[in-house]
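>>> Below is the structure, and that's it, no one-letter string:
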Ligand SMILES: [Zn+2]
């Protein structure tokens, strides 16, 4: 059995910076991801990866993912989007909550694929 590197952590979490998400994120992370993890908290989480007008933000995000992997041996990424996200136009941009949730689900899958292409790991 090998001992993990001192700086190694269990995962990288990419989440929206929205303050309303913080209490839920704490519950999610303590229940499903106990231990050490890196955290990237930016507006819209991975939304920039899917918006050509946000190329510089997307590159920043991918650079952070690569740095987490290099410095902390991260092998798993957790992407957290949320409803009523201003970066996605808020709840008013959708006809109903089911459509909004489906959009976020699709966006998280697409973002995971883009991140995987630049940084092969597991994505949740
Ligand atoms: Zn948000």
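Structure's in. What do you need? Everything numeric in this text was worked out from a predicted model, so none of it was measured. Residues are numbered from 1 along each chain as shown.

>>> Could you confirm residue 44 falls within a strand?
No. Using DSSP: H, G, I helix; E, B strand; the rest coil, the secondary structure at residue 44 is coil, not a strand.

>>> For it, which non-adjacent residue is closest in space?
Spatially, and ignoring its direct neighbours in sequence, residue 44 is nearest to residue 87 (2.8 Å; C-beta to C-beta, 6 or more residues apart in numbering). Any C-beta I mention is one placed from the backbone N, CA and C, and that applies to glycine too.

>>> same deal with residue 21?
Nearest non-adjacent residue to residue 21, counting by C-beta to C-beta, 6+ apart: residue 82, 5.2 Å away.

>>> Under a three-state scheme, what state does that neighbour occupy?
Residue 82 - assigned by three-state DSSP - is coil.

>>> That one touches residue 22, doesn't it?
No. With contact defined as C-beta atoms under 8 Å, residue 82 does not count as touching residue 22 (10.7 Å).

>>> so where is the chain shaky, pLDDT-wise?
Regions of the chain meeting the criterion pLDDT under 70 cover residues 1-4, 120-124.

>>> and it, which residues reach the ion?
Applying C-beta under 5 Å from the ion, we find that the chain lies next to the ion at 16, 18, 85.

>>> let's go with 8 Å and repeat that
Counting by C-beta under 8 Å from the ion, the residues of the chain close to the ion are 16-18, 21, 43-45, 47, 81-82, 84-88.

>>> Which members of the residues you listed are classed as buried?
By neighbour count, with 16 or more other C-beta atoms under 10 Å, these hold 16, 18, 21, 44, 45, 47, 81, 82, 84, 85, 87, 88 as buried.
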